[in-house]
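1. this is the structure alone, sequence omitted:
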C-alpha cells in the first residue's frame, strides 16, 4: 500500500471517534439577474434560479459523503445580498422575499440559506434600509433564512447610523421571537469586513466579484486537534504545540478541498474556497474551549486565554494555507459561546465575561458569536457592543462579527436553550453604565490610517 | 494499481473466528473486487483487517460494493467500512 497502516487508521479514527467532518458545503448563487419590477416577479426569478442550481446539491453531497466516508453535515445556499437584487421593494415585500428563500431552501433540503443581507459600511441605499427594517419580521416568519449586515470596513470606517439602527432591529427581532427564546437573533450577524465567500452561517452571502455559481466548503474538527494535543506531553513547549496543530490543520484542509472539488465537479459548478475553521458543536469532545484548556488554561476566560487562542488561530491558518491555495472565508477558530460546552461552563463558573470575550475576538476569526445578554439590555448598549467589536475588525484589518441575543424575559445567570447546533447558554452580564449619548451621535467613524494603503 | 481512481480501502474489525477472512474475501470477489494488498493484526481476540481493493473491473460498482460489504459485516457481527483510497493520499501526501 502506498499509504501506511498508521495513516489509514489515523484518518478513520479522526472521522469515527473525533468528529472530523465537512461542516458545510455551501452553494453560492448570484441573484444579480433576478431583479424585476415587482416583488412577485423577483420572487419567481429567484425561485427558478435557485431550483436550477440547487436541486441536486443535497443528493450529490450525500453521494460524495458515501464515497469517502466523511460526513458532510450541512448543505447550504448563499445568495447575493438581497437588498441589491430587490432595490425597489418595500419592507413588507422583503419579508415576502424572505418567505420565498425559506420555501425554496425547504424544497431542496438545505438547512439554511444566507443572503438576506445588505452591505452598508459607508451608507445605505433605499433597498438596504427597507431590507434592514424587514429583518425582525423576516426572521420571525422563516426558519431557514439567515441575515447579515456589513456595517463597517477598514477602507470606509464604521457606519454608526447603521449601528444605531441595528441595536433597535436586534431588540425587535428578540421581541418578535420571544416565545422561542428570541431565536430570531441567532440568525443575524453584524459584520466588519465581511468576507464574500464565507460558507458558514449565519453570515454567508454570495459576494460581489464572485462567479455566477460557486461551491465553497467549510471544514471543521476541534475534536481532532484536541486529540493531537492530548497525546503530547503536558510540558511540551508552545512552539511544539503550534507545530502539531499546524500539521493537523493541513490534513483536515486537504480533505476539505478534495471533497469540495468532487462535489463541485459532479454538479459542474466552479470550486471556490475551503474555509478551515474550528467550529465547535454542543456535542461532547467537539469543543474549541477544551483545546485551550489542554494547553494549560484552567477555565476559558482566565488570564492567558487570549494568547492561547491567538496561537491556535494562527497555527490553523498556516496549516490551511499550505494545504490549499484557495483558503478563504473566515478560516481560523470560532468561539460561539452557546455552541461550545467548555465556553458555557466557563460562563457558569464566572470565568468568562463579555469583556474577556471581546478581547478574545481580537485574535479569533469571527467575533462575539452566540452571546446571550439580558432581555432588558437597551438598544443603545447593544449598538455600543457592536461598535466596539466592529472597531476591533476595522482597526486590525480583519473580519469581526456580532451575533448577540438579548433574550426577552431573561436576566443575567439564567439558562436559555435553543437546541440543535445552536446549543444553549447562561446569560452574560453587560456593563450597567450608559453608552446612549455616544450612539445617538450617529454619523460615520472615519476609516483608520491603516485603510489608506493605496 | 495502487493509488488508482478505483482503489478503495476496506477496514473490518470484530471478534476473530475460523473462516472470517474467507467469508470477507469471498464476498469481495462476488462483488467484482480485486484484493491488491492485505494486512491483519490481532488485538486480544479481535481482528483488525485492512485491505486495498481495486474496483476497476467491469462487474464492480462502488455503491453496490459498499452496501454489500457493510451488510455482510452487520449480518456476521463485525464492522466493515469502505472508503476511497484517494482520501488518504490527499490527507497524508503532498
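-> Received the coordinates, thanks. From a predicted model like this one, the values you see are computed outputs, not experimental measurements.
2. the helix or strand where residue B:47 lies packs against which elements?
-> Under the assignment given by DSSP states H and E, the secondary-structure element containing residue B:47 is strand B:46-54. Secondary-structure packing of strand B:46-54 (3 or more C-beta pairs under 8 Å, 6 or more residues apart in numbering or on different chains; DSSP states H and E): helix A:5-16, strand B:7-15, helix B:20-30, strand B:34-43. Placement of C-beta: from N, CA and C, glycine included.
3. what lines up beside it in the sheet?
-> strand B:7-15 (antiparallel), strand B:34-43 (antiparallel) (DSSP bridges).
4. ranking those by burial, who's on top?
-> Each of the strands paired with strand B:46-54 was given a mean neighbour count from mean count of other C-beta atoms under 10 Å in any protein chain shown, and the largest, a mean of 20, is that of strand B:7-15.
5. so which residues make contact with that one?
-> Contacts of strand B:7-15 with the rest of the structure, by C-beta atoms under 8 Å, 6 or more residues apart in numbering or on different chains, involve A:3, A:8-9, A:12, B:1, B:20, B:24, B:28, B:33, B:36, B:45-55, B:62, B:65, B:69, B:73, B:76-86, B:88.
6. one more time with 6 Å
-> A:8, B:45, B:48-55, B:77-85 (C-beta atoms under 6 Å, 6 or more residues apart in numbering or on different chains).
7. go on, stretch B:54-71?
-> Under the criterion C-beta under 6 Å, 6+ apart, residues B:1, B:6-8, B:31-34, B:36, B:80, B:82 lie in contact with stretch B:54-71.
8. what is the most widely separated pair among those?
-> The span of the contacts of stretch B:54-71, defined through C-beta to C-beta, is set by B:1 and B:80 at 21.2 Å.
9. which of these two has more neighbours?
-> Neighbour comparison, residue B:1 and residue B:80: the larger count goes to residue B:80, with 21 against 12 (by other C-beta atoms under 10 Å in any protein chain shown).
10. return the distance of the more buried one relative to residue B:71.
-> Applying C-beta to C-beta, to the nearest Å, the value for residue B:80 to residue B:71 is 9 Å.
11. then residue B:23?
-> Separation of residue B:23 from residue B:71 (C-beta to C-beta): 12 Å.
12. who's more crowded, those two?
-> The residue with the greater number of neighbours, taking residue B:23 and residue B:71 and applying other C-beta under 10 Å, is residue B:23; the counts read 15 against 12.
13. could you find the closest non-adjacent residue to that one?
-> Leaving aside its chain neighbours, residue B:23 sits nearest to residue B:76 (6.6 Å; criterion: C-beta to C-beta, 6 or more residues apart in numbering or on different chains).
14. show me what contacts the closest residue to chain A within chain B?
-> Each residue of chain B has a distance to chain A, by C-beta to the nearest C-beta, and the smallest belongs to residue B:83, at 3.8 Å. Residues touching residue B:83, when contacts are defined by C-beta under 6 Å, 6+ apart, comprise A:68-69, B:9.
15. number of nearby residues for the residue of chain A found nearest chain B?
-> Distances from chain A to chain B, computed as C-beta to the nearest C-beta, single out residue A:69 as the nearest residue at 3.8 Å. The burial metric for residue A:69, expressed as a neighbour count using other C-beta under 10 Å, is 19.
16. pLDDT wise, what is it at?
-> Residue-level confidence at residue A:69 comes out at 87, pLDDT.
17. who are the contact partners of it?
-> residue B:83.
18. what parts of chain A come near chain B?
-> Where chain A comes near chain B, counting by C-beta under 6 Å from any C-beta of the partner chain, the residues are A:1-3, A:5, A:7-8, A:11, A:67-69, A:251, A:254-255, A:258.
19. can you tell me which of the contacts of residue B:83 is nearest residue A:389?
-> Set against residue A:389, the nearest of the contacts of residue B:83 by C-beta to C-beta is residue A:68 (37.6 Å).
20. that closest one: neighbour count?
-> Tallying neighbours of residue A:68 according to other C-beta under 10 Å, which is how burial is gauged here, yields 22.
21. residues of the worst-scoring helix or strand of chain A on mean pLDDT that come out buried?
-> Using mean pLDDT, DSSP states H and E, helix A:5-16 stands out as the lowest-scoring helix or strand of chain A, at a mean of 85. Neighbour counts using 16 or more other C-beta atoms under 10 Å in any protein chain shown place A:7-8, A:10-12, A:14-15 of helix A:5-16 among the buried residues.
22. can you check stretch B:81-94 too?
-> Across stretch B:81-94, burial judged by 16+ other C-beta under 10 Å covers B:81-92.
23. of these, which belong to helices?
-> Secondary structure from DSSP state H places B:86-92 of the buried residues of stretch B:81-94 in helices.
24. keep those, but drop any that are not near chain A.
-> Checking those against chain A by C-beta under 6 Å from any C-beta, the ones in range are B:87-88, B:90-92.
25. thinking again about what came up before, which other residues reach the least confident helix or strand of chain A?
-> By C-beta under 6 Å, 6+ apart, the residues outside helix A:5-16 that reach it are A:20, A:70, A:224, B:9, B:39, B:50, B:88, B:91-92.
26. from the chain's centre, how far out does that helix sit?
-> Chain-centre distance of helix A:5-16: 29 Å, with C-alpha atoms, centre = their mean, to the nearest Å.
27. now that helix and strand B:7-15, what's the angle there?
-> For helix A:5-16 against strand B:7-15, the angle between stretch directions is 80 degrees (axes from the mean of the first three to the mean of the last three C-alpha atoms, to 10 degrees).
28. following helix A:5-16, which helix or strand comes up?
-> As assigned by DSSP H and E, the chain's next helix or strand after helix A:5-16 is strand A:21-29.
29. for the helix or strand that that next one is followed by, packing partners?
-> The C-terminal neighbour of strand A:21-29 among helices and strands, as given by DSSP H and E, is helix A:39-54. For helix A:39-54, the packing partners by 3 or more C-beta pairs under 6 Å, 6 or more residues apart in numbering or on different chains; DSSP states H and E come out as helix A:91-108.
30. now with 10 Å, please.
-> Helix A:39-54 is packed against strand A:21-29, strand A:72-79, helix A:82-85, helix A:91-108, strand A:112-119, strand A:213-220, with contacts defined by 3 or more C-beta pairs under 10 Å, 6 or more residues apart in numbering or on different chains; DSSP states H and E.
31. list the contacts of the shortest one.
-> In other words, helix A:82-85. Defining contact as C-beta atoms under 10 Å, 6 or more residues apart in numbering or on different chains, one finds that helix A:82-85 is touched by A:30-36, A:42, A:45-46, A:79, A:89, A:94, A:97-98, A:100-101, A:115-120, A:124-132, A:134, A:138, A:145, A:147, A:149, A:205, A:208.
32. only the buried subset of these, as a ChimeraX command please.
-> One line in ChimeraX is enough to select the buried ones among these; burial here means 16+ other C-beta under 10 Å:
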select /A:30,31,34,36,42,45,46,79,89,94,97,98,100,101,115,116,117,118,119,120,124,127,128,129,130,131,132,134,138,145,147,149,205
